Structure formats: C-alpha cells, structure tokens
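>>> quick one, fold the following:
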Amino acid sequence: MSVDAATVRRIAQLARIAVAETEVPHLQGELNAMLAFVEQLSEVNIDCVEPMTSVTPMEMKKRADAVTDGNIVDDILANAPATENHFFLVPKVIE
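Model prediction:
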C-alpha cells in the first residue's frame with residue numbers, strides 16, 4: 001500500500017496539521033516507509049508465540065473481585081461538614 005500526495009493532504013487536514021506544499025513529498029516518503037515496515041511485520045510467523053504482558057516472564061498480581069467500602073468510612077466522613085447515618089448531608093438544591 002502506498003500513500004499519494006492527496007492522501008497526505010487529507011491526513012494533515014484530519015489531524016489539523018498545517019502542511020506546506022513543499023513538505024508533502026517528504027511526508028509522503030515517510031508515510032510510505034512506515035507502511036512498508038508494517039507490511040514487513042505482517043510477514044512474520046507468530047503462530048507459536050504466546051501473548052505476553054511483559055518481556056520478562058512474570059505473572060500479573062490478582063486480587064478477589066469483591067465490592068467493599070474500604071473499611072475507612074469513618075475516616076472519609078471525618079472530613080465532611082455534616083453527616084447523618086454514614087451519609088454526607090448536602091444542602092437542598094431543588095425546592
């Protein structure tokens with residue numbers, strides 16, 4: 001796949017980048033080089049490669065997926081100007 005000058009101008013317009021006409025051929029060459037590199041990557045056989053989260057072998061830390069209040073309700077409510085039954089009291093905004 002190759003990029004022509006009109007496509008470079010369209011990409012610049014979509015990215016809201018001001019590109020002078022003298023820069024279009026240079027950008028066209030750079031975009032074509034990037035696309036050629038991506039095409040090279042698609043030729044690599046990755047059938048036997050397992051997905052990884054890091055380049056070093058490690059296991060992700062896991063925790064139980066449980067909903068809790070954090071056991072710090074009193075600490076949080078200590079900063080509130082007014083509370084009632086472990087809830088924040090706020091002024092009425094609709095009458």
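>>> now do the worst-scoring helix or strand of the chain on mean pLDDT: distance to the chain's middle.
Each helix and strand of the chain was given a mean pLDDT (mean pLDDT, DSSP states H and E); the minimum falls on helix 73-77 at a mean of 87. Centroid separation for helix 73-77 versus its chain: 33 Å, with CA atoms, centre = their mean, to the nearest Å.
>>> span of stretch 56-69 from start to end?
Start-to-end span of stretch 56-69 (CA to CA, to the nearest Å) is 35 Å.
>>> scratch that, stretch 48-68 is what I was asking about
For stretch 48-68, the first-to-last residue distance is 41 Å (CA to CA).
>>> what's the answer for stretch 45-54, then?
End-to-end distance of stretch 45-54: 20 Å, with CA to CA as the criterion.
>>> now that stretch: average pLDDT?
Stretch 45-54 carries an average pLDDT of 84.
>>> picking that back up, now the least confident helix or strand of the chain - C-alpha only, PDB.
This file holds the C-alpha atoms of helix 73-77, laid out as PDB (Å, rounded to 0.1, in the frame of the first residue of the first chain):
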ATOM      1  CA  VAL A  73     -16.000   5.000  56.200                       C
ATOM      2  CA  ASP A  74     -15.300   6.900  59.400                       C
ATOM      3  CA  ASP A  75     -12.100   8.400  58.100                       C
ATOM      4  CA  ILE A  76     -13.800   9.600  55.000                       C
ATOM      5  CA  LEU A  77     -16.800  11.100  56.800                       C
END
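>>> check the offset of stretch 80-95 from the chain's centre.
On the basis of CA atoms, centre = their mean, stretch 80-95 sits 37 Å off its chain's mean C-alpha point.
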